[in-house]
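Q: Can you look at this prediction? I've put the sequence above it.
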Amino acid sequence: MSGHLLPHALLDLTLARASARLESLAYGALRRNPGFTRRRHVHQDVHTQHPPIVEHLSHESGSDRSLYARRDVSRKAHSALATGNLFPTSQEDPISEIERRIMELKDEPVFEPKQSDEPPFSESDLVSMYEELLAIPPRTETQETVVSDPESLQQADENTLATVVQSLFELDTPTSIPSDTRSQCVAIIAKLRDIVDALESTRSPKASLPDVSILAPQEWISLVRVCVRENDVEAAESILDLMKRAEVSDLEEAVNTILELHADCGDVVNTEKLLAAYASQTPTAPQRHLHIKAHMQSLPPRTFPTAALQLLHNYESRGLPAPMKTYTYAIHTLFHIRSAVAEAQAWDLFAHMRYVAHPTPDAFLYSIMISACAPRVLEAQPARALDLWTEMTLDKGIPPTAASYTAIISACARSGEKSYVNEAFRLAKQMMDGHRDAYGNPAFRPNQQTFARLLDGAKRTGDLAKVRWILAEIISESLQATRGDLSTPIFVDDRIMIHVFHAYAAYKPTFNRAATVVVDHSTTTHATPSSTSSALSSDPQHSESSSAPHVQGQDASDSNARPQVPEAPRKSQFTRLPPQSSAEILGETQSLFNRILKDTSPSTLQTEPPSSDAPENSMPPAFERVRLTPRLLNAYLSVHWMHDTFDEAAELYRTLFSKLEVERNAWSYVEALERCARSNRGFERKRALQLAREIWQEWTSVEAAWQNGLEHPEGMDARKVERAHAAMIRLLALTGHLREAVQIVRAFVERYPPDAIKETGPKHELRSTRTVLDAQRPLVRLMATTDVPDDTVPPLLSYHEVEILHHRLVTVGDIESVRYLKWMCMAYEGALKKRKEAVLHAQPVSGAADVQEEE
């Protein structure tokens, strides 16, 4: 074999592998044929035929003729390899075969496939493929059964009504047929009653009606829907009674349609009457839902639904748990009461539902519970919100919805902690980028509430740059919605602007004008900085005489010195950088507020005349949806309370509400009084006392109306009463009016005595903590008694609120007033301690739940 065919190393490897393969085949063949073993060499088999005669080799020496030599030659002659019967060819034949095949492979032409420039898949094929792979499944945002096309259903019912009228009054004159829908229903009911009476008269007492179809089942149901749509409950129940007398097979849909009307109106009596007449002993799931819903709708707003929850647990004890949407409706109602006990009961009902009825909630209920982790009455629970989110998306594999994304963003953003706020923005990015179709369109777009929650989180962390960016995005989205580019409208409303103004108020600018030293360069024009500084330092008289006229912005020690008003720019420039001073903050907020007034109110209400050459005058109205509410004006005022001078802010407080014809709420008075209490000493504090006296006169009448249960401004509660009194007492103590401050303290104690704090109501029967296995109350709880705050504590004063007054009284030596303050603080503290003990050891009121527990 020539060496030019293959490399030597490859040829040696090929020969070695071929030899090993042949020997293994030979050994296997011999093992399978054991009859040919010979003497000692059992591993070599011999063919059954006689071996051919092999010529012996001639030996030159006589020693080779020995017995052992002859035996060795005989063995070699009789071996299987020597006989040549084991392989058809010699040892060189396989190598020749391999060489021949290699030569054939080298001589054979290689046909390479043609490479086409066209891709294997067209663009349309790829798009269709990725459309199926990245298709976004539809996600329901509600638990109610939604009609796909209510307008088509209403049109079909009207067509059915016309058909029934035509068939029943075919022999009557057209003028006798009424034209309006309600009158047609009354005429149809009268006609059907006559027909049913006639059929009942023809049957025997024990027999059923003849097999005569008066109307089709869908026609009966269409008539019921038409009557319900006209709010004619009497006519709908009459049709239902005729259906029963006509022995219509299925009455459930008609009964549920009428029950839904009674439940929406909160008519418990007619609901239970209808269930007793047409429902069996075991109402269906929709009927149980409507029964409980009627009890909840019968209550005034923000009333604890005791009867509805008892009915819910009664169905559970009968082995008929309500559907999940009933629990969702009850939990949603409890959260909207805005009470600590109601929120705790909602969490307990959620845990109880998973224990006794529905272990796996749906995305809608998960969204409600995650949203409830945001601070309302209870403290913020962002960790629990993330746990519920992980459980829903990862553990249960429930795909998220737009509502669930908004809920988790709200729970994290409103916590106020920077780490959770950053997590809210990460989830918002995931919401936009994590679910896209083949064309790159996101499945979820941020809505109005999503933007509001992100603004809330940014303002709580003082990130004004992010707030300005979000506001610009909202304005851009609203302009696109105005042009019709977006299906879901997004616009700037008063909630958005409240968050924006709060962010400006909480922002701390990097530039402090009061700490800046401005030197008049006219006296140092011909001197170097080093020589000027050395000359001033070497001449103390010159430095003392020249520092006063040439240095501005230093804090004046004179108590009568009036602080300088920051000069806000006439035209605000919204640059890329956040405002660097309080003047720039005021300029931007005034520009935004003027734009709000321009888009929503006449130009006469603007706080400053707009510039004709301002670029924003040519912009479309982006703030036309903003309503002028007390909360919005309070947010705008908070910017001036924090960054403007006191005189300017006080003047704005006096004129803003009356000019815009908006009534003040409780926050308006409390924030103004607290700003007066934080005033600087000197001239500003005197002006603050003057404003505080004006506010206090209005506040006393507002507080009296709230205490007597009369009409009062929005937002009044016990905690705001405490804050208002604490601010007024502090200001009077700082200004030296100690007797007046003590009089306010005495009036407060007379109006809200410490003994009133000791009085606590009985524990609600559904809040019993006794461990039982069967009761008409939640059996599993998430909120312990110690975790539920008491939000019904009357107003009280602690030592922290009167600490400054106490120090001033000690300084002047008013021992009697000091003793009174000490008694007041100890009395309130003791009463509050007894109230806590009473709440912890309170027993539930007697009721159905207690009877069930005793049984």
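A: Here it is on my side, so go on.

Q: Give me the phi and psi for residue 285.
A: Note on residue 285: its backbone torsions stand at phi -60, psi -50 [degrees, to the nearest 10].

Q: Same question for residue 436.
A: Torsion angles, degrees, to the nearest 10, at residue 436: phi -130, psi 150.

Q: Which pLDDT does the model give it?
A: In this model, residue 436 is scored at 78, pLDDT.

Q: can you tell me the helix or strand for residue 408?
A: Here residue 408, judged by DSSP states H and E, is contained in helix 402-413.

Q: Return the stretch of helix or strand residue 636 belongs to as CSV; C-alpha atoms alone will do.
A: Using DSSP H and E, residue 636 sits within helix 630-643. Output of helix 630-643 as CSV, limited to C-alpha atoms (Å, rounded to 0.1, in the frame of the first residue of the first chain):
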residue,chain,number,x,y,z
PRO,A,630,-59.9,71.2,48.6
ARG,A,631,-57.2,68.4,48.5
LEU,A,632,-55.7,70.0,45.3
LEU,A,633,-55.6,73.4,46.8
ASN,A,634,-54.1,72.1,50.0
ALA,A,635,-51.3,70.3,48.0
TYR,A,636,-50.6,73.6,46.1
LEU,A,637,-50.5,75.5,49.4
SER,A,638,-48.1,72.9,50.9
VAL,A,639,-45.5,73.9,48.4
HIS,A,640,-45.8,77.6,49.5
TRP,A,641,-45.8,76.5,53.2
MET,A,642,-42.5,74.7,52.7
HIS,A,643,-40.6,76.9,50.2
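
Q: what's in contact with that helix?
A: 494, 497-498, 501-502, 504-506, 509, 566, 582, 585-586, 589, 593, 626, 648-649, 652-653, 656-657, 660, 662-665, 667-668, 671-672, 675, 713-714 (Cβ atoms under 8 Å, 6 or more residues apart in numbering). C-betas here are computed from N, CA, C, even on glycine.

Q: who are the neighbours of the helix holding residue 408, in terms of helices and strands?
A: Counting contacts by 3 or more Cβ pairs under 8 Å, 6 or more residues apart in numbering; DSSP states H and E, helix 402-413 packs against helix 363-371, helix 382-390, helix 418-433, helix 448-460.

Q: Could I get the average pLDDT for the third one?
A: Yep, that's helix 418-433 we're talking about. Helix 418-433 shows a mean pLDDT of 93.

Q: how about it: buried residues?
A: 420, 421, 423, 424, 425, 427, 428, 431, 432 (16 or more other Cβ atoms under 10 Å).

Q: of all these, which two lie farthest apart?
A: Farthest-apart pair in the buried residues of helix 418-433 is 420 and 432; separation 19.3 Å (Cβ to Cβ).

Q: picking that back up, so what's the gap between the helix holding residue 408 and the chain middle?
A: 2 Å (Cα atoms, centre = their mean, to the nearest Å).

Q: Equivalent analysis for stretch 753-766, please.
A: Centre-to-centre, stretch 753-766 and its host chain are 35 Å apart (Cα atoms, centre = their mean).

Q: how about it as PDB, C-alpha atoms only?
A: What follows is stretch 753-766, C-alpha atoms only, in PDB (Å, rounded to 0.1, in the frame of the first residue of the first chain):
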ATOM      1  CA  PRO A 753     -62.700  64.100  79.500                       C
ATOM      2  CA  PRO A 754     -60.300  61.200  80.200                       C
ATOM      3  CA  ASP A 755     -63.200  59.000  81.500                       C
ATOM      4  CA  ALA A 756     -64.600  59.000  78.000                       C
ATOM      5  CA  ILE A 757     -61.600  57.100  76.800                       C
ATOM      6  CA  LYS A 758     -62.300  54.200  79.200                       C
ATOM      7  CA  GLU A 759     -65.600  53.500  77.500                       C
ATOM      8  CA  THR A 760     -65.300  50.800  74.900                       C
ATOM      9  CA  GLY A 761     -67.900  49.000  72.900                       C
ATOM     10  CA  PRO A 762     -68.400  45.200  73.100                       C
ATOM     11  CA  LYS A 763     -66.400  43.000  70.800                       C
ATOM     12  CA  HIS A 764     -68.200  42.000  67.600                       C
ATOM     13  CA  GLU A 765     -69.500  38.500  67.600                       C
ATOM     14  CA  LEU A 766     -67.700  37.700  64.400                       C
END
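
Q: buried ones in that stretch?
A: Residues 754, 757, 760, 763, 764, 765, 766 are the ones in stretch 753-766 that count as buried (16+ other Cβ under 10 Å).

Q: Quick check: next helix or strand after the helix holding residue 636?
A: Next along from helix 630-643, by DSSP H and E: helix 646-660.

Q: Can I get the next helix or strand along the chain from that next one in PDB, CA atoms only?
A: Going down the chain from helix 646-660, the next helix or strand is helix 666-677, by DSSP H and E. This file holds the C-alpha atoms of helix 666-677, laid out as PDB (Å, rounded to 0.1, in the frame of the first residue of the first chain):
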ATOM      1  CA  ALA A 666     -60.000  69.700  57.900                       C
ATOM      2  CA  TRP A 667     -56.500  69.400  56.400                       C
ATOM      3  CA  SER A 668     -56.600  73.000  55.400                       C
ATOM      4  CA  TYR A 669     -56.900  74.200  59.000                       C
ATOM      5  CA  VAL A 670     -54.500  71.600  60.400                       C
ATOM      6  CA  GLU A 671     -51.700  72.300  58.000                       C
ATOM      7  CA  ALA A 672     -52.000  76.000  58.300                       C
ATOM      8  CA  LEU A 673     -51.900  75.800  62.200                       C
ATOM      9  CA  GLU A 674     -48.900  73.500  62.100                       C
ATOM     10  CA  ARG A 675     -47.000  75.900  59.700                       C
ATOM     11  CA  CYS A 676     -47.700  78.700  62.100                       C
ATOM     12  CA  ALA A 677     -46.300  76.600  65.000                       C
END
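
Q: What are the buried residues along the helix or strand that helix 666-677 is followed by?
A: Downstream of helix 666-677, the first helix or strand assigned by DSSP H and E is helix 683-707. Neighbour-count burial for helix 683-707 flags 683-685, 687-689, 691-692, 695-696, 699, 702-703, 706 (criterion: 16+ other Cβ under 10 Å).

Q: which one of the buried residues of helix 418-433 sits closest to residue 102?
A: Closest to residue 102 out of the buried residues of helix 418-433 is residue 432 (62.6 Å), distances taken as Cβ to Cβ.

Q: Following the chain onward from the one helix or strand residue 470 maps to, which element is next?
A: In this assignment (DSSP H and E), residue 470 forms part of helix 464-483. For helix 464-483, the following helix or strand on the C-terminal side (DSSP H and E) is helix 494-506.

Q: Flag every buried residue along that next one.
A: The neighbour-count check on helix 494-506 (16+ other Cβ under 10 Å) flags 494-506 as buried.

Q: ok, these vs residue 259, which is closest?
A: The closest of the buried residues of helix 494-506 to residue 259 turns out to be residue 495 (Cβ to Cβ; 36.6 Å).
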